[in-house]
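Asks: coords please:
(one chain, ligands or ions: 2)
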Amino acid sequence: MGTALIYDEEMTKYKLLWVDPACKIEVPERLSVSYEALVRTGLSDRCVSVPPREALDAEILLVHSEEYLEGVKKTPHMTLEDLKEFTLQYGDVYFHPNIYHCAKLAAGSALQLVDSVMTGKVRNGMALVRPPGHHSMRSAASGFCVFNNVAIAARYAKQKHGAERVLIVDWDIHHGQGVQYCFEDDPSVLYFSWHRYEHQKFWPNLRESDYDSVGKGSGAGFNVNVPWNEVGMENSDYLSVFCHVLLPVAYEFCPDLVLVCAGFDSAIGDPEGEMCATPDIFAHLTHLLMNLAGGKLCAVLEGGYNLTSLAQSVCQTVQTLLGDPLPQLANLRSPCESALESLQCVRSVQRQYWSILKHAADSATTDVSTKRIKLAKAEEEKAETAEDERSQEEKVWPEPAERLRPPVCSVSVLPDDAACPDGLKRLASSKDLGPLLVSRIRNRSMEDAGDADGVATFSRLYTLIEKMRTNEIGNGVALVPDVAAAVECVVRDLCSDLVSRVLVVCVGKEELNYATADGKMLVVQISGEDKEEQKGKYYIPVCLKKGCGDTVGFIQAVFGLLLPLGYEYDPGLVLLVRVPGSGVGDCMWQQLIGLLKGFAKGHTLVLMQTNDGACMGPTASALLGHPAPPLQELLTPLPDDGGALERMRERLQADWKMLQTTGEWVC
Ligand SMILES: CC(O)(O)CCCCCNCCCN
Ligand SMILES: [Zn+2]
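Replies: Residues are numbered from 1 along each chain as shown. Ligands and ions are numbered 1, 2, ... in the order given. Got it, this is the predicted structure:
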């Protein structure tokens, strides 16, 4: 299934008609440069073009009041003076004779996108719209927004398509207060927003944008705010919040549909955000959401005012929606102190609502005086570096790397009598390994590798790994007689001269404890076995008391440990090993394969035991990029699992900074 793209140049036909410093950044070129970039890169041709439509009154009234709509309806006939007068009643927004028409098209575009995705016409999609929507409220325009496009889309998805749970992810750098107000008492819509806040000093300067606004009444826990109290946030800060807050909660929420308030003013170079995350981060943010809701994801443009980073970020997002390999995020740094403090505050306030966060460090015992002193200290430090004097130095960043699709997506290495799953190509050709490697293979591993087909298997694996390295092949799955022996052979003999860092993810209890101390491989083993302490930095046994069948425990391990480790380690290849009898469910297995594609440009080699072939179907489906089916409602985790994982994370974070979730300050 394809990716929808909704765009119409009509939405470029309104602009600021008078002087207003607060609004001058919201220009028509935002839309045209974004679309032109998609055309120039060939991405628009690969999308399913879906036309926008005007939202109907009834649809707008799903969120807005009659009197507000009636007022906006009058603007096309207003004189310039009337338009200015009408505008004065709202903040940081402007009206234009054509903005009502464009606002209906923007909202209608979001609805067209929801229809296309919910009816299965496409898998996912993006709507390039203006005016944006997430600040507009029931009876007020705000922050360049007239109608709340995404809020209307969420209500519409529930009413028309029977969606029961809708997740709204707002990665725009401003707080979408309009969305928060709309759903704060509604447990069927989970609103997540991060936003520049600076302790309420940044627009819209609302007390209710802070982390302790968790929703009201039955909606408590279904509003998640992550305030950024400093500028300059980077890729690692964004990924930490996704791994340690949004994704665990989103998986527990188990939405039927994901809507993204896709604002790109959170990217480097934007005058509003003043952040430092690079455009390719949106490839990963999009990817990390694509296995929720069976892949049903609708991204609707909100902000983004640096035309260069906006266009690049839009392309990164659409290219990921199309299923292309992800860019490698090089040299991630540690989340900064301020981000860690926000992370800790959010997790501690949300832990009472989300069992998956149950064991987050509890800093509810806020020592206000300490915090006040520290804040005062921070303020005076900040005063010294008087922000306004700080030169708005031109930010520069590298153009995102090209993301080439390999000619062959997925291959299989199978015994001759095993059927090749549809969609996969059977790797027949096997490189002549030469006597040295053959002898190493023979004497290293088990007896049956010694026989002809054993060596043939390994020579095919070598070929496969080599072709992944040259990006001729995306990923692959191999059935081998004995996975434990095969892993050792692959890592020690085949990868050693082909790949610099191999992330080995082992699901099940096989003894794999030969992690090299030199960091050439990182082994994360998830099993039900209570392992002795981990050996060194590069062998991390994760024990799930209820075994790998425990969905919540597994999700906690994936997001709390595996993904942050993987991002920090930045492997050139992922080796995913399925040990027979691990008990991991097919859905979880497919989710895992889907998520691990975010590493090593999607070069994953799955090793399974020949007698485990029953799982070949789901494995092939996930390797081919089909969205993993939603996990069934997540059950509450056994207390000890969560606690054990938290303790393990705290122990490991000295070595692995992406595992940190607490700052030195209490919040
Ligand atoms: C969609 C959006 O969230 O990007 C809209 C942001 C509105 C910002 C209003 N203040 C602007 C102050 C100018 N320095
Ligand atoms: Zn914004």
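
Asks: ok, now which ones touch the residue in the chain that ligand 1 sits nearest to?
Replies: Nearest residue of the chain to ligand 1 (Cβ to the nearest ligand atom) works out as residue 303 at 2.1 Å. Backbone N, C-alpha and C define where each C-beta goes, glycine included. Contacts of residue 303 were listed using Cβ atoms under 8 Å, 6 or more residues apart in numbering, and they are 132, 144, 172-174, 263-265, 270, 272.

Asks: try 7 Å
Replies: By Cβ atoms under 7 Å, 6 or more residues apart in numbering, residue 303 lies in contact with 132, 172-174, 263-265, 272.

Asks: mind putting those in a markdown table, secondary structure and neighbour count included?
Replies: Converted to a markdown table, the contacts of residue 303 look like this (DSSP: H, G, I helix; E, B strand; the rest coil; neighbours: other Cβ atoms under 10 Å):
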| residue | secondary structure | neighbour count |
| --- | --- | --- |
| 132 | coil | 32 |
| 172 | coil | 28 |
| 173 | coil | 28 |
| 174 | coil | 30 |
| 263 | coil | 28 |
| 264 | coil | 30 |
| 265 | coil | 27 |
| 272 | coil | 19 |
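
Asks: Among these, which ones lie close to ligand 2?
Replies: The subset of the contacts of residue 303 lying close to ligand 2, counting by Cβ under 5 Å from the ion, consists of 172, 174, 263, 265.

Asks: Throw those residues into TSV and include pLDDT and distance to residue 56, thanks.
Replies: TSV is the format used below for the ones next to ligand 2 among the contacts of residue 303 (pLDDT from 0 to 100; distance: Cβ to Cβ, whole Å):
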residue	pLDDT	distance to residue 56
172	99	26
174	99	28
263	98	26
265	98	30
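
Asks: ok, and which of the contacts of residue 303 reach ligand 1?
Replies: Filtering the contacts of residue 303 for proximity to ligand 1 by Cβ under 6 Å from any ligand atom leaves 132, 172, 174, 263, 265.

Asks: can you redo these as TSV with distance to residue 45?
Replies: Shown next, in TSV, are the ones next to ligand 1 among the contacts of residue 303 (distance: Cβ to Cβ, whole Å):
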residue	distance to residue 45
132	26
172	28
174	32
263	26
265	28
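
Asks: Please settle this for me: is the residue of the chain closest to ligand 1 part of a strand?
Replies: No - Residue 303: not assigned to a strand; according to DSSP: H, G, I helix; E, B strand; the rest coil it is coil.

Asks: distance of the residue in the stretch 51-200 of the chain positioned nearest to ligand 2 from residue 296?
Replies: Per Cβ to the ion, residue 174 is where the stretch 51-200 of the chain lies closest to ligand 2, at 3.5 Å. With the distance defined as Cβ to Cβ, to the nearest Å, residue 174 ends up 26 Å from residue 296.

Asks: Mind pulling up the pLDDT for residue 188?
Replies: We note a pLDDT of 98 for residue 188 in this prediction.

Asks: Please list all residues in contact with it.
Replies: Neighbours of residue 188 in contact, by Cβ under 7 Å, 6+ apart: 158, 164-166.

Asks: quick one, what contacts residue 409?
Replies: Contact analysis of residue 409 by Cβ under 7 Å, 6+ apart lists 474, 624.

Asks: do stretch 195-212 and ligand 2 meet?
Replies: No - figure legend: stretch 195-212 not in contact with ligand 2 (Cβ under 5 Å from the ion); closest approach 8.0 Å.

Asks: Endpoint to endpoint, that stretch covers what distance?
Replies: Stretch 195-212 has an end-to-end distance of 14 Å (criterion: Cα to Cα, to the nearest Å).

Asks: buried set for it?
Replies: 195-198, 202-204, 206, 209-211 (16 or more other Cβ atoms under 10 Å).

Asks: Point out the ones among the residues you listed that are inside helices.
Replies: Judged by DSSP state H, helices contain none of those.
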